[in-house]
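Novice: no sequence on this one, just coordinates:
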């Protein structure tokens, strides 16, 4: 989502007053949180994938279906929850082949099966442009739920996995003549087309009950970090030299003359988990996630008082304001 | 929804096996039904409104927003439930005016407020064509839930309100030069653009615990009646001379030379409740709904054994097969 859209959402939803007492969190987090019982919150999220906006015409239809579900699963994971039930809205152009739709659906059911999600409903409508809108329901123990607003001054900022892969993959899809090793292209494009939501890692982080806030990286590290800062009424300082970038992104950047940090900060769609935890618990969380899932977790910064502002400490020691639209505005 | 789409849904969802034990009803009813506790089922439905498909360019944007929510509320009502929380996906063309979107949203919030629904989430994406996809959650006491499959042989078939108004309204919107009295045009167009979901009537029918099955009339009486028959594994006989048609539809048909029964059977989008109940309870239900809401309920047919087939008894006493695509195929 781009900045203008956040503005519009803010404008549209600013007049809302919540009427039902069971709404724990409404608009403004990765999912809505609704109280179901004393031991269970329901999580709900919607996310759309539109042809030509979210995927290219040549993307294999199974991948489109898989990703449409995966991005919503990632939203449930970002709250520390478990995905359970989904409803699928399909927007079908008149000339679309039944076989194409069936292949998309095969991707949807494959992804659902992998995470024990049931497709319980849906809708089909005609439209000019092919699109999928997935509504996903999940659940979480109220003691484990992780909201954006929970970050506290002094907390460390942590992130799972490596950053910038999906952004580099998108660049390669949009610029297919770029010269990079075949294995590098394959991995980066797969990270763009076929993200793996961090459900397992989320479950470990949430059950440990030490983290204070969490979000998934869909818009880009900088943008999503600022969502946490804004909602928790805190500041943040990130360190460029702490950003974990994969061998493949480094190879891609070497071949294209790009800066890896640009992709790490603003690439988006990595669907890694960005979370905060008190310094005394950060290392134990890192070890636990690594041991049980094999996924690396790194400390990339810390939460400060709001008055301190939002900063990125560059490799050269200078500091630059952390801006939502990423690297371009951060450059000296 | 048209017949080809039902075929496609059947094809796409036929391979599903439900994995979570809390799923009471998956694909195939007005809503998904998920067990939340022994005293509560969660209901979930999605429905989309697409520019040029579901509404005309000149439709007031507030009406589009209202209707997008109303049609989903009607799905919750069709199960005997209460709507509670919604998530709104907006698909916005680049050139759309912020003011237009704000007016649509005003319609959404107005409709939500009228039924004590909270907007708890959503999504905005760019697209070529303006569209709204609403995911609505509701709840129902498990003892009150009304499924399509509950209809029993011998039950009476009942319907709230009068039929064909919305279909006639659509005809007038599509053929604006049609000569009808101004008051008739106004009412029929309002029925098309601004449907009133029968939440109150639904609540009375559901709490009485005598009805056996229910559906809302979105696709047209014939089509929706056949959904009940198909799911309940029964047959049905409807009587043309029992179909309640408004004064306005009669006036419209007189002016245009149309047959009122055509609109009653195949018009669609009336969002009335079509339900079944044992003969011994039909009259009490009719009186109760009339007394508490003022809405007329009429008996229009009865449920038979599946082998008897699906029939419409015409005014002239002849019988014709009841077909999903309505009147054109029913005509002698």
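Specialist: Ah, there it is. Computed from a predicted model, the values in this text were never measured in an experiment.
Novice: quick check: residue A:181 vs chain B, distance?
Specialist: Plainly put, residue A:181 is 34 Å away from chain B if you go by CB to the nearest CB, to the nearest Å. No exception for glycine: its C-beta is placed from N, CA and C like everyone else's.
Novice: wait, that residue sits on residue A:251?
Specialist: Yes. With contact defined as CB atoms under 8 Å, residue A:181 and residue A:251 form a contacting pair (6.3 Å).
Novice: looking at the two, which is more packed in?
Specialist: Per other CB atoms under 10 Å in any protein chain shown, whichever of residue A:181 and residue A:251 has more neighbours is residue A:251, with 19 against 12.
Novice: for the more buried one, which three-state class applies?
Specialist: Put simply, residue A:251 is helix when judged by DSSP: H, G, I helix; E, B strand; the rest coil.
Novice: how about it, nearest residue that isn't a chain neighbour?
Specialist: residue A:184 (4.8 Å; CB to CB, 6 or more residues apart in numbering or on different chains).
Novice: distance of that neighbour from residue A:161?
Specialist: Residue A:184 is 17 Å from residue A:161, where distance means CB to CB, to the nearest Å.
Novice: not counting residues beside it along the chain, what's closest to residue A:143?
Specialist: Nearest non-adjacent residue to residue A:143, counting by CB to CB, 6+ apart: residue A:209, 6.4 Å away.
Novice: again, but for residue A:52
Specialist: Take residue A:52 and drop its neighbours on the chain: the residue closest to it by CB to CB, 6+ apart is residue A:129, 6.8 Å away.
Novice: what of residue A:19?
Specialist: Leaving aside its sequence neighbours, residue A:19 sits nearest to residue B:116 (CB to CB, 6+ apart; 5.1 Å).
Novice: residues near that neighbour, how many?
Specialist: Residue B:116 has 11 nearby residues by other CB under 10 Å.
Novice: now the phi/psi pair for it, please.
Specialist: phi 50, psi 40 (degrees, to the nearest 10).
Novice: just residue A:206 next, same as before
Specialist: The phi/psi pair for residue A:206 (degrees, to the nearest 10) is phi -70, psi -40.
Novice: just residue A:95 next, same as before
Specialist: The phi and psi values for residue A:95, taken as degrees, to the nearest 10, are phi -90, psi 10.
Novice: against residue A:127, how distant is it?
Specialist: Counting by CB to CB, the separation of residue A:95 from residue A:127 is 12 Å.
Novice: looking at the two, which is more packed in?
Specialist: residue A:127 (25 against 5).
Novice: which element is the nearest residue to that one once chain neighbours are set aside on?
Specialist: Closest residue to residue A:127 apart from its sequence neighbours, by CB to CB, 6+ apart: residue A:91 at 3.7 Å. Following DSSP states H and E, one finds residue A:91 within strand A:82-92.
Novice: following that strand, which helix or strand comes up?
Specialist: Scanning forward in sequence from strand A:82-92 by DSSP H and E, the next helix or strand is helix A:98-114.
Novice: so which bits of that next one are buried?
Specialist: A:101, A:103-109, A:111-112 (16 or more other CB atoms under 10 Å in any protein chain shown).
Novice: helices or strands up against the helix or strand harbouring the residue nearest to residue A:251?
Specialist: For residue A:184, the enclosing helix or strand under DSSP H and E is helix A:182-193. Applying 3 or more CB pairs under 8 Å, 6 or more residues apart in numbering or on different chains; DSSP states H and E, we find helix A:182-193 packed against helix A:165-174, helix A:247-256.
Novice: please identify the most buried of those.
Specialist: Most buried of these, by mean neighbour count (mean count of other CB atoms under 10 Å in any protein chain shown): helix A:165-174, with a mean of 23.
Novice: contacting residues for the closest residue to residue A:144 other than its chain neighbours?
Specialist: By the measure of CB to CB, 6+ apart, the closest residue to residue A:144 outside its immediate chain neighbours is residue A:206, 4.1 Å from it. With contacts defined as CB atoms under 8 Å, 6 or more residues apart in numbering or on different chains, residue A:206 is in contact with A:80-81, A:140, A:144-146, A:214.
Novice: cool, residue A:80 as well?
Specialist: Applying CB under 8 Å, 6+ apart, the residues near residue A:80 are A:140, A:144-146, A:202-203, A:205-206, A:211, A:214.
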